[in-house]
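1. no sequence for this one, just the structure:
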């Protein structure tokens with residue numbers, strides 16, 4: 001059997017339509033964030049988007065019921081696969097992604113829904129956007145379970161409550177920073 005992988009879905013609604021000048025800081029960080037994720041320790045793959053160059057989309061991109069239409073038919077969301085919890089946490093809470101998160105209040109509506117959902121998938125399975133929406137909405141409706149969870153109440157590959165190895169996360173964050181420094185030189 002192939003090892004399980006961690007699926008991660010993120011979702012947010014802009015305060016203003018995507019192309020509003022107030023969102024320029026988000027757009028300026030988008031490509032550097034995608035470049036950083038591609039180099040991140042433990043990153044395996046990510047879904048692309050129908051209308052953009054890059055990886056192939058994992059099915060039709062759909063949004064959860066929390067989506068707010070601003071007339072542009074779009075909201076920031078990602079779908080990716082990771083080796084483990086420390087890997088995604090190291091990426092999310094350090095580097096350019098953490099810097100972008102500090103500015104989130106400038107761009108995004110304060111969510112009444114989870115900003116992300118995590119779940120384990122079998123090694124040969126690639127989740128679709130529809131799978132991600134189902135998990136995300138389940139997390140909102142039911143709270144963290146082995147079906148969909150967050151960093152505050154994580155579950156391991158076997159579906160048991162667990163804790164995140166903070167030392168492994170710090171090591172991975174340091175490796176990510178080193179990789180970005182080497183890439184920039």
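-> Noted; the coordinates are in hand. These numbers were taken from a predicted model, which means no experiment stands behind them.

2. the residue lying closest to residue 59 once chain neighbours are set aside: neighbour count?
-> Excluding its sequence neighbours, the residue lying closest to residue 59 (C-beta to C-beta, 6 or more residues apart in numbering) is residue 128, at 3.4 Å. For glycine as for every other residue, the C-beta is placed from the backbone atoms N, C-alpha and C. Applying other C-beta atoms under 10 Å, we find 17 residues neighbouring residue 128.

3. my read: residue 87 touches residue 42, true?
-> Yes. Contact status for residue 87 versus residue 42: in contact at 2.3 Å, counting by C-beta atoms under 8 Å.

4. which SSE is residue 27 in?
-> Using DSSP states H and E, residue 27 sits within helix 24-39.

5. would you mind measuring from residue 32 to residue 160?
-> To residue 160, residue 32 is 36 Å away according to C-beta to C-beta, to the nearest Å.

6. just to revisit the earlier point, how about residues contacting the helix or strand following the helix holding residue 27?
-> Remark: after helix 24-39, the chain's next helix or strand is strand 43-46, criterion DSSP H and E. Applying C-beta atoms under 8 Å, 6 or more residues apart in numbering, the contact partners of strand 43-46 are 5, 34, 37, 55, 78-83, 87, 91, 126.
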